[in-house]
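> Okay, sequence plus prediction incoming.
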Amino acid sequence: MMVPWNSDYETGVEPIDAHHREVFEFVSMLDQVIGSTDPEKDMAKIIGFIDHYVQHHFPEEEAYMAKHHYAALEHHQLEHEILTYKVKELIQYHQLSGSLTHTIFLVRKFIDKLVQHILNVDVKLKEIEHGGPA
């Protein structure tokens, strides 16, 4: 069970925090897939949302960091590359395997990685907002 959104996940940058709150909605969407009358279609939607998320959110976050000369930008970009690759693997698995149960498991595992990224890496953006080491 995932912990609900709380201030521990906040970066202090509202557009980025708004995107991060969407991650927590993915869990709800995943629960809907499980109870859906058309789970394949709904799973394709959630994977599409996740793909769209990483394609748009990561560059926005990196642009913010670059603008503020964030020292850990390269590390952050590497983390984003790894997560983006995981999404590509997820899409490929979903398209080729036909195993909805395992796809659900992989999506959930990805969401958990994304939440850990937010909690352990993204929240360091507070340093920019509060004048710490950037």
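Right, received. Where do you want to start? Being a predicted model, the structure only gives us computed values, none of them experimental.

> ok, the residue nearest in space to the middle of the chain to Ile91 distance?
Central residue of the chain (CA atoms, centre = their mean): Leu114, 4.2 Å from the mean position. As judged by CB to CB, to the nearest Å, Leu114 and Ile91 stand 15 Å apart. Glycine gets a C-beta too; all of them are placed from N, C-alpha and C.

> Check His52 too.
From His52 across to Ile91, the span is 12 Å (CB to CB).

> Could you check which of those two has the larger neighbour count?
Each of His52 and Ile91 has its neighbours counted (other CB atoms under 10 Å); Ile91 has more, 16 against 11.

> Can you tell me the SS state at the more buried one?
Classification of Ile91 using DSSP: H, G, I helix; E, B strand; the rest coil returns helix.

> which residue sits closest to it, ignoring its sequence neighbours?
Nearest residue to Ile91, sequence neighbours excluded (CB to CB, 6 or more residues apart in numbering): Ile47, at 5.9 Å.

> In terms of secondary structure, what does the helix or strand hosting that neighbour contact?
In this structure, Ile47 sits in helix 39-67 according to DSSP states H and E. Packed against helix 39-67 by the contact rule (3 or more CB pairs under 8 Å, 6 or more residues apart in numbering; DSSP states H and E) you find helix 14-34, helix 73-97, helix 100-120.

> Name the next helix or strand downstream of the last one, please.
Note on helix 100-120: by DSSP H and E, the next helix or strand toward the C-terminus is helix 126-129.

> I'd guessed Leu125 sits against Tyr9; true?
No. Between Leu125 and Tyr9 there is no contact, the gap being 11.2 Å when judged by CB atoms under 8 Å.
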